[in-house]
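Undergrad: let's see this in three dimensions:
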Amino acid sequence: MKHFPMLRSAPMTVSALALAAAFVACGGSERRAVDDAEVPDASTPPDAGPTITGDGGGNVQPDAPKCESADFVAEPVPLTLAILLDRSGSMDESRWVPATNAIRSFVDRSEVVGMEVGLQFFPSKTGGGNVAGDYVVLPVPIAPLPANVLPIINELGRTVVGGGTPMAQGLDGTIQALRRFIATNGPRAGGVVLVTDGEPSGGASSVVSAAMGGSSPPPGQPLVRTFAVGMEGASFTTLNQIAVAGGGSSTAFNVGSGAAAQQALLEALDTIRTGAIACEYVLPTPSRGKIDPDTVEIHFTPGVNDPAVAFRKVADLAACGATTGGFYYDDPAAPTRVLLCPASCTQVGEGTPEAEVEVAVGCILDVN
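TA: Numbers count the residues shown, from 1 in each chain. You can find the predicted model right below:
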């Protein structure tokens with residue numbers, strides 16, 4: 001079983017790694033790691049300090065901003081999902097029944113208490129459905145569980161299948177709805193779970209484009225992942241493209257149809273809940289000063305008495321690589337969230353229940 005530890009408070013001691021980052025990036029921390037420090041010669045004048053070289057290769061000037069290093073308390077980003085369920089005419093009883101039963105089971109369990117979940121369908125239940133704007137208002141608005149369990153169950157019970165497959169419009173509108181929720185309620189690990197058995201009307205490219213728009217948002221807009229789940233009859237060539245473009249997983253989930261599909265879909269939803277979307281954390285805000293985001297590291301301790309592993313910053317998800325770890329920011333220009341690379345996310349998930357994840361900030365700039 002995967003365990004995704006919360007970021008925890010740490011003693012206000014500074015690791016050698018964090019201090020090294022502070023000296024490289026800021027040149028002004030007055031604290032040094034004892035193990036790494038050189039003992040100055042007694043003849044050295046008191047004001048003759050070392051020459052510090054920054055990332056750009058230049059010498060840090062004497063009047064460079066001072067900064068200090070610290071380990072900070074941070075919190076996992078709350079998980080928020082919008083389930084986008086295909087209700088087109090091809091979703092016959094062998095698909096609709098297991099799909100809706102799986103969603104009922106998923107939301108009505110103790111493991112998901114506190115998660116925020118909303119529900120949307122395509123084609124739209126309110127008529128039209130051919131533009132993204134028809135899907136921005138969800139039939140079951142996003143709200144925490146268990147308060148939203150009954151509204152979701154009731155909406156599933158009164159929904160019938162019929163119509164075409166305007167998948168691109170449904171996905172685009174649902175991503176917009178989730179973005180608006182995040183913008184109003186603060187940082188969230190947001191994802192749309194697309195469940196379908198068919199081919200999108202109008203072809204695959206528009207759906208892939210919608211998914212990519214969610215995972216690669218404009219500056220200042222929340223990141224929203226797309227997770228693709230296919231039932232029997234779906235085009236997995238298309239769904240795999242959507243999964244990759246949406247930043248949710250490397251391939252789509254294939255849950256089949258019939259009795260086995262209910263359990264398979266439930267397991268897929270759990271994998272989404274505990275997978276990449278669980279590896280997002282709030283970048284802490286200090287009570288004074290300003291964090292230099294280029295000096296942050298994530299330290300992961302797998303278990304009691306295990307040495308800590310440092311995850312370092314990369315540019316974005318594409319820079320993570322298939323096996324190399326690290327983390328990146330939701331918005332490099334104004335980061336609010338720390339997102340672990342897939343390899344590091346897997347490593348954290350394989351830790352013990354006693355595992356700890358900490359944010360080591362190398363430089364808190366004195367902005368006064």
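Undergrad: for Phe300, which non-adjacent residue is spatially closest?
TA: Val309 (4.8 Å; Cβ to Cβ, 6 or more residues apart in numbering). (Glycine included, C-beta is placed from N, CA and C.)
Undergrad: the one you found reaches Gln347, doesn't it?
TA: Yes: Val309 sits in contact with Gln347 when judged by Cβ atoms under 8 Å, with a separation of 7.3 Å.
Undergrad: identify the contacts common to those two.
TA: Phe300, Pro302 (Cβ atoms under 8 Å, 6 or more residues apart in numbering).
Undergrad: which parts of the stretch 1-150 of the chain are strands?
TA: Here the stretch 1-150 of the chain has its strands, by DSSP state E, counting those that start in this stretch, at 67-72, 79-86, 116-122, 140-144.
Undergrad: how far off centre is the first one?
TA: For strand 67-72, the gap between its own C-alpha mean and the chain's C-alpha mean amounts to 24 Å (Cα atoms, centre = their mean, to the nearest Å).
Undergrad: parallel or antiparallel, which strands does that strand pair with?
TA: strand 356-365 (antiparallel) (DSSP bridges).
Undergrad: tell me the mean pLDDT for the partner strand?
TA: Mean pLDDT, strand 356-365: 90.
Undergrad: also stretch 123-142?
TA: On average, the pLDDT along stretch 123-142 is 94.
Undergrad: quick check: Pro76 touching Thr274?
TA: No: using Cβ under 8 Å, Pro76 is not in contact with Thr274; the gap is 11.7 Å.
Undergrad: show me the shaky parts of this structure.
TA: Within the chain, the ranges that satisfy pLDDT under 70 run 1-65, 73-74, 276, 367-368.
Undergrad: domains in it, by residue range?
TA: Each domain of the chain is listed here as a residue range: 16-37+55-74+283-365, 79-278, per automatic domain parsing.
Undergrad: pick the most deeply packed of the ones you listed.
TA: Mean neighbours per residue, mean count of other Cβ atoms under 10 Å, is largest over the domains of the chain for domain 79-278, with a mean of 20.
Undergrad: mind checking the SS state of the spatially closest residue to Arg179 that is not a sequence neighbour?
TA: Leaving aside its chain neighbours, Arg179 sits nearest to Pro222 (5.1 Å; criterion: Cβ to Cβ, 6+ apart). Put simply, Pro222 is coil when judged by DSSP: H, G, I helix; E, B strand; the rest coil.
Undergrad: pretty sure Pro222 sits against Asn185.
TA: No: assessed by Cβ under 8 Å, Pro222 is found out of contact with Asn185, at 10.1 Å.
Undergrad: give me every residue that touches Ala204.
TA: Residues near Ala204 by Cβ under 8 Å, 6+ apart: Ser235, Thr237, Thr238, Gln241, Ile242.
Undergrad: again with Pro166
TA: So Pro166 contacts Phe122, Pro123, Ser124, Gly129, Asn130, Pro200, Ser201, Gly202 (Cβ under 8 Å, 6+ apart).
Undergrad: then Gly114?
TA: By Cβ under 8 Å, 6+ apart, Gly114 lies in contact with Pro78, Pro144, Leu145.
Undergrad: mind listing the helices for this protein?
TA: 16-25, 93-107, 149-157, 167-185, 205-215, 236-245, 259-274, 342-349 (DSSP state H).
Undergrad: now distance to Thr196 too, for those, in TSV please.
TA: Converted to TSV, those look like this (distance: least, Cβ to Cβ, whole Å):
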stretch	distance to Thr196
helix 16-25	45
helix 93-107	9
helix 149-157	16
helix 167-185	6
helix 205-215	10
helix 236-245	7
helix 259-274	12
helix 342-349	24
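Undergrad: so which of those gets nearest His299?
TA: Closest of those to His299 is helix 16-25, at 7.5 Å (criterion: Cβ to Cβ).
Undergrad: how far away is Ser344 from Thr323?
TA: 10 Å (Cβ to Cβ, to the nearest Å).
Undergrad: for Val296, find the nearest of the helices of the chain.
TA: With Cβ to Cβ, the closest approach to Val296 among these belongs to helix 16-25: 8.0 Å.
Undergrad: quick check: bridge partners of Lys290?
TA: Leu365.
Undergrad: wouldn't it be in contact with Val361 here?
TA: No: contact criterion Cβ under 8 Å: Lys290 and Val361 do not qualify, at 10.5 Å.
Undergrad: neighbouring contacts of stretch 322-342?
TA: 74, 77, 187, 189, 219-220, 222-223, 276, 279-283, 293, 296, 298, 311-317, 319-321, 343-344, 347-348, 359.
Undergrad: where's the nearest residue to Ala177 once chain neighbours are set aside relative to Arg337, distance?
TA: Leaving aside its chain neighbours, Ala177 sits nearest to Val136 (5.0 Å; criterion: Cβ to Cβ, 6+ apart). Distance, Val136 to Arg337, by Cβ to Cβ: 23 Å.
Undergrad: now swap in Gly233 and tell me
TA: Taken as Cβ to Cβ, the span from Gly233 to Arg337 is 36 Å.
Undergrad: then Ser206?
TA: In terms of Cβ to Cβ, Ser206 sits 28 Å off from Arg337.
Undergrad: same check on Gly129?
TA: Distance from Gly129 to Arg337, by Cβ to Cβ: 32 Å.
Undergrad: repeat that for Met167.
TA: From Met167 to Arg337 the distance is 28 Å (Cβ to Cβ).
Undergrad: what's the first-to-last distance across stretch 128-142?
TA: 22 Å (Cα to Cα, to the nearest Å).
Undergrad: ok, and what's touching it?
TA: Residues contacting stretch 128-142 (Cβ under 8 Å, 6+ apart): 80, 82, 116-127, 148, 151-152, 155, 163, 166, 168-170, 172-174, 176-178, 180-181, 210.
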